[in-house]
Structures are given as C-alpha cells and as structure tokens.
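Participant: Got a sequence here, can you model it:
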Amino acid sequence: MNRRTVERLLWTAVVVVPLLAVSGALLAVRVFSNGPRAPGGVSIEDFVATPVAEDRPAPSFDLPSLVGLGRLSLADYRGRVVVLNIWASWCGPCRAEAPELERVAEQNRDVVVVGIDHEDARDAAVSFRRRFGLTYPMAFDPGGTVAAAYGAFGLPTTYVIDGSGRSRYRLVGRIATSVLEPLISALRTPDSRTRAPGGLSPSYGPSPFVMTANRHDQTGPFRAGFPCLPTIDATHVLDGEVAQFRRQRAGWRVQ
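Facilitator: Here you go, the predicted structure:
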C-alpha cells in the first residue's frame with residue numbers, strides 16, 4: 001500500500017466518517033422533534049388532545065361545502081357554540097377521532113360541529129365522510145386557508161368557539177368526547193366568558209382540567225422549536241401549549 005492510499009484512508013476515517021455520523025444524528029433529531037410531516041408542512045399529532053384556554057376573535061371564513069353546491073361560513077352560526085375541526089382524509093388521527101365528533105354532533109343539537117377539510121382531494125374527503133357516516137357540515141379548503149388563519153400547526157386541530165365568535169379553546173391532537181363535552185357545557189352558561197371547567201378564568205389562573213398560560217410576547221411569525229405553517233402568524237401560541245407539545249414529543253401523554 002503506497003503513501004497516497006494510506007493518506008486517503010486516513011482522511012476518510014478522520015473527516016468523512018464523523019461528518020456522516022453527525023449528519024445522520026441531526027436528521028434523526030429533526031424527524032423526532034417535528035414528528036411526521038404532511039402536505040403543506042403541518043405535522044400529524046397522534047395523541048389525545050388536552051384543551052388550552054384562549055380568548056381571541058375566531059377568524060372568519062367562507063368556503064365551498066365539501067358536498068353539494070353551497071358554501072359554509074362561520075358567520076352563519078353566530079350565537080351558537082361551534083366546534084371547528086381541521087382534518088384531512090390522509091390524517092390517521094383524524095380517522096380515529098371522526099366517530100367521536102359525530103357523537104358530539106348528535107348529542108348536542110344546540111351546538112354546531114364544522115369540519116374543515118385541509119389540503120385534500122375532494123373525492124378522498126367525500127369518501128372519508130361517507131365511510132364514517134359523518135353528518136355535520138364540512139367545508140372544502142384545498143388551499144389550507146383556515147389552518148393558516150387560525151395558526152394550526154398540526155392535524156387534527158379543533159377550536160371551540162363561543163356564541164360571540166371568539167375562540168375559547170384550542171385542542172391539538174385527537175378529540176375525546178370526555179374532554180370536549182365539559183368545554184361545550186362551560187360555554188353554554190351565561191358567564192362563560194369568565195369561567196372555565198374547574199371554575200377559574202381561562203386567562204388568569206390554572207384549572208384542574210384546562211391548561212392555561214400567559215401569552216407569548218414575541219412579535220415574529222415563528223417560535224423556536226415549535227413547528228408551524230410558514231405563512232401564519234403564530235404569536236398567539238401560548239407558552240403552556242409549547243410546553244405541552246414538547247412533553248408529548250418526549251413521550252408524555254397529558255390527558
């Protein structure tokens with residue numbers, strides 16, 4: 001073996017191999033921290049959602065209905081509690097939660113469950129609706145405009161909106177009826193703007209049921225370590241929700 005060959009082997013061992021190892025480790029960390037990715041850059045949130053209290057105007061929308069020729073607008077349901085669920089047929093956890101949402105719709109006739117089909121093929125979404133026997137209204141949103149407006153970083157994401165048009169709770173992950181029903185009941189009461197399950201304000205104190213936190217004061221559209229759509233303003237994301245997301249990625253299940 002000549003000197004040049006020896007030098008080439010040493011260079012490979014000292015430089016190339018460690019570089020490949022570091023690149024592989026960084027890729028593994030990125031995949032683990034951000035979770036599975038889906039069309040549009042959103043992540044798939046395959047865990048049972050924990051409610052996060054918020055109090056902000058729910059962005060309006062006007063979209064074509066998933067079935068038929070009509071349109072669906074948030075303004076149509078003013079005065080009623082709205083459960084707004086952002087989903088897609090290619091989202092596994094969305095399939096798991098679909099029967100739960102239909103049950104909520106059937107058992108709460110004074111409440112409107114609205115599905116927003118996110119960046120999907122219409123035929124696939126219609127088949128999804130038929131397969132699970134879903135009867136509540138659904139809007140077709142192939143451009144992902146609602147997720148962007150609301151700041152949804154993963155699917156499924158659900159917002160509970162009160163009769164005055166304000167988003168009061170955000171739930172990232174699969175919906176459970178046992179979690180959603182108390183939120184709906186709380187918003188039916190006359191003083192629901194100041195009370196949350198557990199009897200405390202959703203803005204100023206901890207509840208035994210609902211995660212609460214102070215607002216994040218960062219003004220930029222991104223949050224370090226917190227994946228979101230690149231076109232949204234995520235400044236309203238709560239510190240407690242970031243902590244919840246990180247715990248769940250680390251293997252916790254906050255339920």
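Participant: I figured L63 was touching L74, is that so?
Facilitator: No - the pair L63 / L74 is not scored as a contact, 9.5 Å apart, by Cβ atoms under 8 Å. In this view, the C-beta of every residue, glycine as well, is placed from N, C-alpha and C.
Participant: Identify the residues contacting stretch 60-72?
Facilitator: 73-75, 114-117, 122, 125-126, 129, 137-141, 145-146, 149 (Cβ atoms under 8 Å, 6 or more residues apart in numbering).
Participant: For it, list the C-alpha coordinates in CSV.
Facilitator: Extracted in CSV, the C-alpha atoms of stretch 60-72 (Å, rounded to 0.1, in the frame of the first residue of the first chain):
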residue,chain,number,x,y,z
SER,A,60,-63.9,34.3,9.7
PHE,A,61,-64.1,32.1,6.6
ASP,A,62,-66.3,31.4,3.6
LEU,A,63,-65.6,28.2,1.8
PRO,A,64,-67.4,25.8,-0.6
SER,A,65,-69.2,23.0,1.0
LEU,A,66,-67.5,19.6,0.7
VAL,A,67,-70.7,18.1,-0.7
GLY,A,68,-73.3,20.0,-2.8
LEU,A,69,-73.1,23.4,-4.3
GLY,A,70,-73.5,25.6,-1.2
ARG,A,71,-70.9,27.5,0.9
LEU,A,72,-70.0,27.4,4.5
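Participant: how about that stretch: buried residues?
Facilitator: Of the residues in stretch 60-72, 61, 63, 66, 72 count as buried by neighbour count, 16 or more other Cβ atoms under 10 Å.
Participant: Narrow those to those in strands?
Facilitator: 63, 72 (DSSP state E).
Participant: For the buried residues of stretch 60-72, name the two members farthest from one another.
Facilitator: F61 and L66 (13.5 Å; Cβ to Cβ).
Participant: what helix or strand is the residue nearest to Y150 when sequence neighbours are not counted on?
Facilitator: Take Y150 and drop its neighbours on the chain: the residue closest to it by Cβ to Cβ, 6 or more residues apart in numbering is P59, 5.8 Å away. Using DSSP states H and E, P59 sits in no helix or strand.
Participant: P59: neighbour count?
Facilitator: 16 (other Cβ atoms under 10 Å).
Participant: Identify the residues contacting it.
Facilitator: 74, 146, 149-150.
Participant: Could I get the full set of strands for the stretch 101-250 of the chain?
Facilitator: 112-118, 138-141, 154-155, 157-161, 166-172 (DSSP state E, counting those that start in this stretch).
Participant: Right, I'll leave it there.
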